[in-house]
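Asker: Have a look; sequence and predicted model below, questions after that.
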Amino acid sequence: MGAPAVATLTIVRSKTARRVMAVAATMFLVTVLSVAVPLLTVVFIASGQSGTATSADVPKAPAVDPAAHVAKGGWTYPLVGSYWKGRGFGPDPNISRVCSYCSTWHKGYDMSQGCGATVHAAAAGLVTHAGSYFGYGNAVVIENGGGVATIYGHMAWGSLRVSTGERVRPGTPLGAEGITGNSTGCHLHFEVRIHGVAVDPAPFMAARGLPLK
Ligand SMILES: [Zn+2]
């Protein structure tokens, strides 16, 4: 035992020194806790958010009036609330590896809330088709005016709530998300056509204040 150790012991034996050391220890503990608690909280929140998506995380369609979400020019989202993004618009040469009948040029935007979720008219218009429609399965086609048409594909058989010749408003329920036609899982194929030509729905909707994922 050397001289510094003896000195420390002498200090510890003194009553005042013990008080000073106790205060110092308390302050040290408070400092450590004030740093550690927020850090642990951040780690906890982060770990809670970074889990792999499971079926339990599939967003539920909220009970809100879709017409209340109508944005610029009377347009609204065909699926109200959060959704999963599927294939976007454009070429997808690798699709044949998982789906032999799917087109290598995707003409719409795939989105999903899960089987049975309500699909809404994205804008007002005239229903020009409601029922089986080529690879779109059970689909609704709406002429929205100004040369714009919207198509809602793969809806469940028997789920359609509109008929050909019917006028719809933005947010009118059309049917339920399904797997009909050329579809590998429940989703909505949302397509926008301008004068008969399919355009990318993402910039089209973004220009109306409704950005897609
Ligand atoms: Zn699609």
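Answerer: Yep, that arrived. Numbering: from 1, shown residues only.
Asker: now residue 182: how far from the ion?
Answerer: Using C-beta to the ion, to the nearest Å, residue 182 is found at 8 Å from the ion. For the C-beta atoms, the positions are set from N, CA and C on the backbone; glycine is no exception.
Asker: need the contact list for that residue.
Answerer: 99, 101-103, 135-137 (C-beta atoms under 8 Å, 6 or more residues apart in numbering).
Asker: and what of residue 161?
Answerer: 173-175.
Asker: what's downstream of the helix or strand containing residue 153, the next helix or strand?
Answerer: Taking DSSP states H and E as the definition, residue 153 sits inside strand 148-155. Later in the chain than strand 148-155, the nearest helix or strand by DSSP H and E is strand 167-168.
Asker: Adjacent strands (with direction) for that next one?
Answerer: Within its sheet, strand 167-168 is paired with strand 125-132 (antiparallel), according to DSSP bridges.
Asker: Outside of the partner strand itself, list whatever touches it.
Answerer: 138-145, 149-150, 160, 162-168, 180.
Asker: try 7 Å this time
Answerer: By C-beta atoms under 7 Å, 6 or more residues apart in numbering, the residues outside strand 125-132 that reach it are 138-145, 160, 162-168.
Asker: What is the nearest of those to the ion?
Answerer: Nearest to the ion out of the contacts of strand 125-132 is residue 139 (C-beta to the ion; 10.9 Å).
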